[in-house]
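*Asks:* here are the coordinates; sequence isn't available:
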Ligand SMILES: NC(=O)c1ccc[n+]([C@@H]2O[C@H](COP(=O)([O-])OP(=O)(O)OC[C@H]3O[C@@H](n4cnc5c(N)ncnc54)[C@H](O)[C@@H]3O)[C@@H](O)[C@H]2O)c1
């Protein structure tokens, strides 16, 4: 796979950073972008459509794009703060559409692959997560539509639906629940390990391996799919 180029959006995050490393381990040249730019990462706010468009144009042709940017908030529906609701949609869904639109124009003319990190919460609703679940379910619909549209350009478009993954995001969610419910954060964390039929929390690398494999020839026949990477979460 030498000579291939990938871009990872949300590359400072747990899953995004693992994707960058996994592409590099395969010998690809991988570029990362995030709203918090550290080290070699490019500064990019995915909610800014024009910024995403010019980032893609400046980067030039790529063979793969992984969209791993995302935010979450725990919010009972009766207490919905619609500013937060809109922000979740803006990052998780609008940002993904900005990236799809921009990179569909700049992908290698011979073809390529896009992978969007959805969530098990996009396949099955969870309490107090209406905005997050809606954004992640919307992402799956978007992926199927774009996959159909880009078949003719030989661009495959897929989603992964992770269960609970040990990243800064999930650690923050555990702290938030513990604080709101007056519980011990370690106990909340243990509860995440046994959601549904899962018996453990996944590592970011386990999700990244699937994202990156979906961009390789090993998955040349797969497009429009949503692959759970959930250690059994959705089976319970
Ligand atoms: N951790 C989990 O259990 C879990 C489960 C299912 C799905 N996911 C999804 O996986 C993806 C990666 O999450 P993670 O767990 O690695 O979390 P994370 O918080 O470590 O990473 C998310 C990254 O997105 C970046 N980001 C946020 N807003 C942005 C913006 N406007 N522009 C550009 N970048 C922005 C953040 O700076 C961060 O680096 C997210 O979409 C998340 O919803 C995570």
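*Replies:* Ah, there it is. Bear in mind that the values here come from a model prediction, so they are computed numbers and not experimental data.

*Asks:* Can you give me the buried ones in the top strand by length along the chain?
*Replies:* Looking across the chain with DSSP state E, the single longest strand is strand 155-162. For strand 155-162, a neighbour-count test (16 or more other C-beta atoms under 10 Å) marks 155, 156, 157, 158, 159, 160, 161, 162 as buried. The C-beta positions use only the backbone N, C-alpha and C, and glycine is treated the same way.

*Asks:* would you list these in JSON lines and tack on pLDDT?
*Replies:* Shown next, in JSON lines, are the buried residues of strand 155-162 (pLDDT from 0 to 100):
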{"residue": "155", "pLDDT": "98"}
{"residue": "156", "pLDDT": "98"}
{"residue": "157", "pLDDT": "99"}
{"residue": "158", "pLDDT": "99"}
{"residue": "159", "pLDDT": "99"}
{"residue": "160", "pLDDT": "99"}
{"residue": "161", "pLDDT": "98"}
{"residue": "162", "pLDDT": "98"}
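
*Asks:* quick revisit: each with direction, which strands does the longest strand of the chain pair with?
*Replies:* Sheet pairing of strand 155-162 (DSSP bridges) gives strand 112-117 (parallel), strand 226-229 (parallel).

*Asks:* of all those, which lies closest to the ligand?
*Replies:* strand 112-117 (4.1 Å; C-beta to the nearest ligand atom).

*Asks:* and that closest one, is it in reach of the ligand?
*Replies:* Yes. Residues of strand 112-117 contacting the ligand under C-beta under 6 Å from any ligand atom: residue 117.

*Asks:* The ligand next: which of the buried residues of strand 155-162 are close?
*Replies:* Counting by C-beta under 6 Å from any ligand atom, the members of those near the ligand are residue 162.

*Asks:* For the ligand, state which of the buried residues of strand 155-162 is nearest.
*Replies:* For the buried residues of strand 155-162, the nearest to the ligand is residue 162 (3.7 Å; C-beta to the nearest ligand atom).
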